[in-house]
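**Q** I would like to see how this sequence folds:
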Amino acid sequence: MTTSSSERGVSLGMPELPAPGYPDDVRARLEADAREIIARYPDSRSALLPLLHLVQSEEGHVTRTGMRFCADMLELTTAEVTAVATFYTMYRRGPSGDYQVGVCTNTLCAVMGGDAIFEELQEHLGVPNGGTTDDGKITLEHIECNAACDYAPVVMVNWEFFDNQTPASATRLVDDLRAGRPVEPTRGARLCTFKETARILAGFPDERPGAVEESGGAGPASLVGLRLARGEAAPARVVHPRDGGPHDEPQDRAANEPSPAEHLSSHDAPQETSASDPSHPAGPTAEEGE
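**A** So this is what the prediction gives:
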């Protein structure tokens with residue numbers, strides 16, 4: 001004797017209906033933008049990543065409607081588009097906040113305080129990893145390496161850097177974002193909303209006056225590493241002996257080492273480093289046995 005699926009407590013459910021399309025006016029506007037993007041590539045399917053950013057800029061996350069639109073424009077299946085949209089973490093699969101606050105919890109940032117920052121923000125905001133505050137302002141998540149290890153621990157807001165953070169400075173940062181107070185990244189242009197960021201990532205210019213000029217480049221610590229990688233002479237390094245003995249000063253320290261005050265954001269934490277604590281300098285002071 002056999003039993004039906006309903007009798008066994010198994011519900012097969014109805015197949016999911018096709019995603020609805022965009023309203024005609026929205027689709028016409030997105031099609032014009034999409035064709036501009038696709039024209040940049042010799043193979044149209046190469047435009048999929050920026051197209052996903054484009055549809056994300058419309059609704060704040062990649063919806064089934066957005067994936068269907070990308071598939072139609074590129075003559076792909078929705079399965080092919082879904083495979084890409086679910087692979088990359090920059091594409092959101094559900095509604096999220098105006099500001100994506102990502103705390104790096106990869107190895108270096110974690111041991112420098114990233115784990116403590118993330119735990120503090122979860123408690124302060126009352127949201128789990130990937131959660132959004134009730135006011136729709138902040139989505140919090142832990143993220144992998146942002147290639148800014150020389151400024152650990154790093155917090156990113158809509159992919160802009162906030163370097164050398166602490167639990168206190170990161171808490172102040174999210175409070176300012178929720179209150180609408182001005183917030184300046186350590187490096188990069190002033191913040192815009194996540195939807196606006198997604199449109200820029202789709203390949204469209206940032207039209208805010210002065211924003212391009214504000215973008216800047218790498219910070220001083222990164223540039224030191226670049227000079228070393230190129231084989232250029234490294235600046236002389238001062239190592240203060242713990243016994244207070246004499247040492248040689250570099251001939252042109254100002255020219256070789258950027259001021260610690262450079263490239264600080266409105267939410268940089270005090271930097272407890274050898275520069276600010278001469279009694280505990282970094283690095284060895286003498287060879288073993290000397």
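**Q** mind listing the helices in the protein by residue range?
**A** Under the criterion DSSP state H, the chain contains helices at 24-38, 48-59, 64-74, 78-85, 107-109, 115-125, 167-179, 194-201, 211-214, 220-229, 253-256.
**Q** What residues does Phe161 make contact with?
**A** Residues in contact with Phe161, defined by C-beta atoms under 8 Å, 6 or more residues apart in numbering, are Asn146, Ala148, Tyr151, Val154, Pro185, Thr186, Arg187, Gly188, Ser265. For the C-beta atoms, the positions are set from N, CA and C on the backbone; glycine is no exception.
**Q** which one in the residues you listed is the model shakiest on?
**A** Lowest pLDDT within these is found at Ser265 (70).
**Q** before we move on, the earlier item: got JSON lines for the helices of the chain, with mean pLDDT too?
**A** Formatted as JSON lines, the helices of the chain follow (pLDDT from 0 to 100):
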{"stretch": "helix 24-38", "mean pLDDT": "95"}
{"stretch": "helix 48-59", "mean pLDDT": "96"}
{"stretch": "helix 64-74", "mean pLDDT": "95"}
{"stretch": "helix 78-85", "mean pLDDT": "94"}
{"stretch": "helix 107-109", "mean pLDDT": "91"}
{"stretch": "helix 115-125", "mean pLDDT": "96"}
{"stretch": "helix 167-179", "mean pLDDT": "95"}
{"stretch": "helix 194-201", "mean pLDDT": "93"}
{"stretch": "helix 211-214", "mean pLDDT": "70"}
{"stretch": "helix 220-229", "mean pLDDT": "80"}
{"stretch": "helix 253-256", "mean pLDDT": "50"}
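**Q** JSON lines for the ones you listed, including distance to Gln100 and mean neighbour count?
**A** Compiled in JSON lines, the helices of the chain are given as follows (distance: least, C-beta to C-beta, whole Å; neighbours: other C-beta atoms under 10 Å):
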{"stretch": "helix 24-38", "distance to Gln100": "22", "mean neighbour count": "14"}
{"stretch": "helix 48-59", "distance to Gln100": "11", "mean neighbour count": "22"}
{"stretch": "helix 64-74", "distance to Gln100": "17", "mean neighbour count": "21"}
{"stretch": "helix 78-85", "distance to Gln100": "16", "mean neighbour count": "17"}
{"stretch": "helix 107-109", "distance to Gln100": "17", "mean neighbour count": "18"}
{"stretch": "helix 115-125", "distance to Gln100": "13", "mean neighbour count": "18"}
{"stretch": "helix 167-179", "distance to Gln100": "11", "mean neighbour count": "18"}
{"stretch": "helix 194-201", "distance to Gln100": "5", "mean neighbour count": "20"}
{"stretch": "helix 211-214", "distance to Gln100": "18", "mean neighbour count": "12"}
{"stretch": "helix 220-229", "distance to Gln100": "23", "mean neighbour count": "13"}
{"stretch": "helix 253-256", "distance to Gln100": "37", "mean neighbour count": "11"}
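**Q** got a markdown table for the ones you listed, with distance to Asn158 too?
**A** As requested, the helices of the chain are exported to a markdown table (distance: least, C-beta to C-beta, whole Å):
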| stretch | distance to Asn158 |
| --- | --- |
| helix 24-38 | 20 |
| helix 48-59 | 12 |
| helix 64-74 | 19 |
| helix 78-85 | 19 |
| helix 107-109 | 18 |
| helix 115-125 | 16 |
| helix 167-179 | 10 |
| helix 194-201 | 4 |
| helix 211-214 | 13 |
| helix 220-229 | 20 |
| helix 253-256 | 34 |
